[in-house]
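S.K.: Predicted coordinates and the sequence they were generated for:
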Amino acid sequence: MKKMQFLKLISIVSLTLISNWVQAENKPFKIGFLAPMTGPFASTGAQMLAGAKLYMDQHGTKIEGRDIQLILKDDTGTPDVTKRLAQELAVNDKVDVFAGFGLTPLALATAPVSTQAKIPMVNMLAATSSIINSSPYMVRVSMTLPQASVIIADWAPKNGIKKVVTLVSDYGPGIDAEESFKDRFLLNGGKVLDSLRVPLRNNDFSPFLQKVRELAPEAVFIFVPSGVGTTVMKQFIERGMDKTGIKIIGTGDVVDDDILNGMGDVTLGIVTAYPYSTLHASEVNKKFVQDFKKANPRLRPNAVAVFGYDGMRVIYEALKKTKGVGNGDQLLAAMKGQIFESPRGQIYIDANTRDIVQSIYIRKVERNVKGDGELYNVEFQEIKDVKDPRKDR
């Protein structure tokens with residue numbers, strides 16, 4: 001009798017598992033994609049979405065028997081909108097994963113929704129160091145500003161730059177960039193004459209640039225969000241600062257690959273630190289750029305496009321690893337520890353911190369005289385396996 005009861009129990013459990021597997025197989029796997037598609041940061045959303053879609057085009061939209069559905073929501077770059085849309089995606093659409101996040105405040109707005117609903121969120125850009133701690137379900141595939149800032153702070157004093165002014169957008173990543181750069185630059189014997197912070201939605205950098213001119217540093221360290229560099233460079237020229245001898249250094253956002261060629265020769269020689277350049281010399285990147293341009297003829301891929309591309313890979317591989325039936329916790333576990341060759345080089349998702357480990361490159365703006373004649377960030381030094389230097393704080 002006991003044997004019969006045991007066999008009956010085994011049969012029930014087996015049927016339940018099979019039923020759950022069949023239901024999961026027939027149910028679409030939904031990715032709630034939150035990005036600024038309109039407003040001042042629309043170019044960021046466009047690059048991120050283009051990168052994500054390219055990966056889907058290359059690898060299909062069916063994994064482990066499940067159709068992959070990308071549900072795009074335009075959060076306009078507004079945190080309140082992002083939170084409302086995230087809640088709708090969780091409750092109404094019942095998404096399996098959140099992805100996107102073009103700015104730190106947008107990721108922070110989604111974090112409590114992710115935590116409560118136990119939905120993994122793949123952060124494809126938001127670069128403030130500390131936001132990875134805002135939800136145990138967040139995985140970052142992009143970068144942190146301290147990763148790039150400390151690298152350029154190491155490079156500058158070794159190359160004759162001892163006196164600087166910092167000029168950053170006044171929000172999480174900008175403050176991270178400023179503080180990380182200053183700490184390392186001072187440690188390396190440099191001097192920071194002043195630290196200027198520009199309101200995030202302020203497009204008038206003129207008074208701040210004038211202050212830089214009056215202080216007459218050897219260089220100005222700049223961080224602005226991706227897409228804003230054109231405005232900075234335009235006003236830099238208008239104030240005649242290109243004639244003062246003050247150099248520009250910074251993180252790669254100020255000479256973003258997407259907009260660099262339209263900025264003109266004033267950018268020649270600008271040195272920045274960043275995890276990617278369109279000209280990154282690898283076969284993986286050459287194919288990525290070729291396929292991206294074919295799919296998006298009017299766009300040159302930048303780092304944000306690569307982050308979107310890599311983020312989609314992390315999601316696909318997690319779904320494969322869980323055989324298509326993983327819940328939020330299982331998908332998150334399958335995202336941790338992933339290591340692979342990205343268009344930017346080898347990257348690794350640290351299983352303990354859920355954060356990105358990658359190479360950071362020192363790049364200089366040059367004209368590609370042997371190619372298409374356009375301006376590019378040319379990598380000339382690689383620092384491998386860079387973790388977020390503020391993680392232990």
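M.R.: Looks like it arrived, so ask away. Numbering: from 1, shown residues only.
S.K.: So residue 329 sits against residue 117, correct?
M.R.: No. Contact criterion CB atoms under 8 Å: residue 329 and residue 117 do not qualify, at 11.8 Å. The C-beta positions use only the backbone N, C-alpha and C, and glycine is treated the same way.
S.K.: Settle it for me: which of the two has more neighbours?
M.R.: Legend: neighbour count by other CB atoms under 10 Å for residue 329 and residue 117, higher for residue 117 (18 against 12).
S.K.: which residues touch that one?
M.R.: By CB atoms under 8 Å, 6 or more residues apart in numbering, residue 117 lies in contact with 90, 328.
S.K.: From residue 141, how far out is it?
M.R.: 20 Å (CB to CB, to the nearest Å).
S.K.: Keeping just the C-alphas, turn stretch 179-195 into PDB.
M.R.: Provided in PDB are the C-alpha atoms of stretch 179-195 (Å, rounded to 0.1, in the frame of the first residue of the first chain):
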ATOM      1  CA  GLU A 179      34.800  62.400  -6.900                       C
ATOM      2  CA  SER A 180      36.500  59.400  -8.300                       C
ATOM      3  CA  PHE A 181      38.600  61.500 -10.600                       C
ATOM      4  CA  LYS A 182      39.600  64.000  -7.900                       C
ATOM      5  CA  ASP A 183      40.500  61.300  -5.300                       C
ATOM      6  CA  ARG A 184      42.800  59.500  -7.800                       C
ATOM      7  CA  PHE A 185      44.200  62.700  -9.400                       C
ATOM      8  CA  LEU A 186      45.100  64.200  -6.000                       C
ATOM      9  CA  LEU A 187      46.700  60.900  -5.000                       C
ATOM     10  CA  ASN A 188      48.800  61.100  -8.100                       C
ATOM     11  CA  GLY A 189      50.100  64.500  -7.200                       C
ATOM     12  CA  GLY A 190      47.700  66.700  -9.300                       C
ATOM     13  CA  LYS A 191      45.800  69.800  -8.200                       C
ATOM     14  CA  VAL A 192      42.100  70.500  -8.700                       C
ATOM     15  CA  LEU A 193      41.500  74.200  -9.000                       C
ATOM     16  CA  ASP A 194      37.700  74.000  -8.800                       C
ATOM     17  CA  SER A 195      34.800  71.500  -9.200                       C
END
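S.K.: May I see the buried residues of that stretch?
M.R.: 179, 180, 181, 182, 183, 184, 185, 190, 192, 193, 195 (16 or more other CB atoms under 10 Å).
S.K.: what comes up buried for the helix or strand encompassing residue 150?
M.R.: Per DSSP states H and E, residue 150 falls inside helix 145-158. Buried residues in helix 145-158, defined by neighbour count with 16+ other CB under 10 Å: 145-157.
S.K.: Show me what it is packed against.
M.R.: The contact analysis (3 or more CB pairs under 8 Å, 6 or more residues apart in numbering; DSSP states H and E) places helix 145-158 against helix 172-187, strand 219-223, strand 247-251, strand 271-274, strand 356-367, strand 375-386.
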